[in-house]
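Asks: Need coordinates for the below:
(chains A, B and C)
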Amino acid sequence: MSVLYLLDLLGTFAFALSGALTAVKKEMDLFGVVVLALVTAIGGGTTRDILLGSTPVFILTQPVYLYVSLAGAVCTFLFYKTLFKINSIILIVDALGLGTFVCIGLSKALTAGISGPGAVMLGVITAVMGGIIRDVLSGQIPSVLTRDFYAVTCVAGGILYLFLWRQNMAADMLLLLTTGFIFTLRLLAIRYRWNFIKAPYSGPET
Amino acid sequence: MSVLYLLDLLGTFAFALSGALTAVKKEMDLFGVVVLALVTAIGGGTTRDILLGSTPVFILTQPVYLYVSLAGAVCTFLFYKTLFKINSIILIVDALGLGTFVCIGLSKALTAGISGPGAVMLGVITAVMGGIIRDVLSGQIPSVLTRDFYAVTCVAGGILYLFLWRQNMAADMLLLLTTGFIFTLRLLAIRYRWNFIKAPYSGPET
Amino acid sequence: MSVLYLLDLLGTFAFALSGALTAVKKEMDLFGVVVLALVTAIGGGTTRDILLGSTPVFILTQPVYLYVSLAGAVCTFLFYKTLFKINSIILIVDALGLGTFVCIGLSKALTAGISGPGAVMLGVITAVMGGIIRDVLSGQIPSVLTRDFYAVTCVAGGILYLFLWRQNMAADMLLLLTTGFIFTLRLLAIRYRWNFIKAPYSGPET
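Replies: Below you'll find the predicted structure:
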C-alpha cells in the first residue's frame, strides 16, 4: 500500500513537472503553468474516473494530488533552468510514474468489474491521457501518437498485468512486476531511441 | 434489432477507417493509428454516455466495439493505399453510420427521459463528436465546423426522428426512415458539394 | 434567487456571443457558430457536472441554457459587424458572467460536499473551461493560459467565496460580494491591461 502510494505521488510530481515545463517553453503565464501541471498529472486518472462513473473524480476528494501538482508547478516556475538541465532524472521518475499509473488504472477497472480489453484500455488511458491533454492545450499534435515508444510500453505492461492477475498473483507482486517491466522497457526505449512502427506513407494529404 | 446492430457495427468500422486514415496521413505511428480509429469510432457514443451519466461507458462493457475499431485500425495500417482509392465507398458506409448513430443517440436520450432539444443535441453529438476529437488530435480545426454539409444532415435527421417519435411511430419504422433520410441527404450533399451557410466575414481578426 | 438566475442567463448569453464571434472570425459555417457559442457558454458548467457526477448534465435537463446560447449564436451570425463594434459592452457583461459562474460552481461543489481546494478548482473550471474549449476548437492555444488577467480574478474570487462561506455568510451577500469583487477586478484588469506573471523564458524549446 504505502509503496504504491509513494510511487503514485512521485509519478504525479514528475508528470506535473513535465506539464509545467511545456507551459514555460510555450511562454504561458503562471496560471498556464499551473493548469498544464495539473492536467498532465491528473488528466489520465480523471478521465479514467469519468469513463468508469467513479464520481466525484479522485482529484476532488483527495486534495493531496492537487497539492503535489501545484508543488510541481511552483518548483518549475522558480527553477525551470535547473530542471531543463536534469531532464534525464525527470524522465526516469516519469517512467516510474508511467508504470504505477498503468497498474492503478487496471486495478480500479478490474475492481469495478470491467473485462480484460476495457481494463487494459483504462490502464493505458490513466498513463497517457494527461500528456495528450497537455499537448493539445499547448497547440501540438500529441507526441504519444506520432513518435517514441511511450504508449506501447503501457499497452505491453497492461497486458502483462492482466495475464498475471488472471493467474491470481498477489497484488504486491503484480504491482512490482508490472511497474518494473514498464520502467525497464521505457528506459531501454529512451536509451536506444526506439520508435514504434509507422506506415510508410509520404504522399500528399489526399 | 439485428439490423440496427449490424448498421451500428458497420458504421463503427467506417468511422474507424476514417480516423485511421487521418492518422496515416499525419504520419502517426501504429499507436496513433489505433487511437485515432478508436476516438473517431467511439468518441461520440462515449461523450453521449458521459453527459447522460450512463457509466461505465458502453465501450467498457461492450468490447465488440473495441474489436471492430481495432480491426479498422489494422486494416488501414496494412491497406491504406487501397483505402485511399476506394474512398467513395468508405464515404457511403460512413453516411450509413452517421444515420445510425443519430438514431441511437436520440433513442438513448429519450429513453433516459431527456426532453426534445437535449435529445436532438445528444443524437448529433453521438454522430459528430468522434470526428471532432479526431481533428483536434491531428492538429486541425474540426472540418465539421467550417465546411461541408455533414452536421446539418444530423440536425435535420434528429428533428425528424423527434417528430416521428412524438407521433408514436414504431421503433423499426422510426429507425428506417430517419437513417434513410440522413443517408440520402448526406449522399446528395457529397454529390453536389453542398456547403452550409457562412457569415460573409473576411476582415482582419479583430 | 431571481437575481442569480438573471445574471446566469446574461452571462451565458455573453459567453455565447464570445464563442460565436470567434467562429465568425475563423470563417466557420453556421453550424460552427452554433457549436462554438454552445461550448463557450455551457462547456464550463458541463465539465463541472461531469467531474461531480451530477448527471444528466444541466444542459440536458434545463433547455433554457440551450435556447439562450442558440439565441447568442443567431444574433452573432446576423449582427456580427455591430457586435465587433460594441465589443467593450460584451466584455463588461462577460465579466458579470465570470463572477456568477465562479459562484455557481463553488456553491454546487460545496453543496456536494467537496472540500475547499476542490471547490475553488470547480468554481474556476465553471468559469474558464468554456473559453478553453472554444480556443482548442478554433485551433488556438487557450488565451487564458498565456496572457491576460482573466483566470486569476476567478481564483482570487473563488478563495474569497470560500473564506466568506466559512464565516457562515448569508448566500445572497456571498454571491453579491464575490461577483462584485470578480467583476471589479476584471474591469480593472481590462482597463489597465494587466497580465499575470510569467517565467522569463526565451530560449530554444529544449
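
Asks: Return the distance of the residue nearest the centre of chain A relative to residue A:15.
Replies: Within chain A, the residue whose C-alpha comes closest to the C-alpha centroid is residue A:127; the distance, by CA atoms, centre = their mean, is 3.2 Å. Here the distance between residue A:127 and residue A:15 works out to 9 Å (CB to CB, to the nearest Å). Every C-beta, even on glycine, is put in place using the N, C-alpha and C of the backbone.

Asks: returning to what we had before: if you skip the residues just before and after it, what's nearest to the residue nearest to the centre of chain A?
Replies: Here the nearest residue to residue A:127 in space, its sequence neighbours aside, is residue A:101; by CB to CB, 6 or more residues apart in numbering or on different chains that works out to 4.1 Å.

Asks: Please list all residues in contact with the one you found.
Replies: Counting by CB atoms under 8 Å, 6 or more residues apart in numbering or on different chains, residue A:101 makes contact with A:8, A:11, A:44-45, A:123, A:126-127.

Asks: Likewise for residue A:10?
Replies: For residue A:10, the contact set (CB under 8 Å, 6+ apart) comprises A:93, A:96-97, A:100.

Asks: please redo it, this time with the cut-off set to 7 Å
Replies: Taking CB atoms under 7 Å, 6 or more residues apart in numbering or on different chains, we find residue A:10 in contact with A:93, A:96-97.

Asks: Quick check, pLDDT for it.
Replies: The predicted local distance difference test score for residue A:10 is 92.

Asks: Can you name the helix or strand that it falls in?
Replies: Following DSSP states H and E, the helix or strand that holds residue A:10 is helix A:2-25.

Asks: Can you list the buried residues in that helix?
Replies: Applying a neighbour-count criterion of 16 or more other CB atoms under 10 Å in any protein chain shown, the buried positions in helix A:2-25 are A:4, A:7-25.

Asks: With stretch A:130-144 instead?
Replies: Along stretch A:130-144, the positions that meet the burial threshold by neighbour count (16+ other CB under 10 Å) are A:130-138, A:141-142, A:144.

Asks: doesn't residue A:120 make contact with residue A:110?
Replies: No: if you go by CB atoms under 7 Å, residue A:110 and residue A:120 don't touch, sitting 10.0 Å apart.

Asks: As a check, name the ranges of all helices in chain A.
Replies: Secondary structure of chain A (DSSP state H): helices located at A:2-25, A:30-52, A:58-61, A:64-85, A:87-111, A:116-137, A:143-146, A:150-166, A:171-191.

Asks: now the ones you listed as JSON lines including distance to residue C:33?
Replies: Formatted as JSON lines, the entries for those read as follows, by distance: least, CB to CB, whole Å:
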{"stretch": "helix A:2-25", "distance to residue C:33": "30"}
{"stretch": "helix A:30-52", "distance to residue C:33": "27"}
{"stretch": "helix A:58-61", "distance to residue C:33": "33"}
{"stretch": "helix A:64-85", "distance to residue C:33": "35"}
{"stretch": "helix A:87-111", "distance to residue C:33": "38"}
{"stretch": "helix A:116-137", "distance to residue C:33": "22"}
{"stretch": "helix A:143-146", "distance to residue C:33": "29"}
{"stretch": "helix A:150-166", "distance to residue C:33": "36"}
{"stretch": "helix A:171-191", "distance to residue C:33": "44"}
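
Asks: Find the closest residue to chain B in chain A.
Replies: Closest approach between chain A and chain B, counting by CB to the nearest CB: residue A:53, at 2.6 Å.
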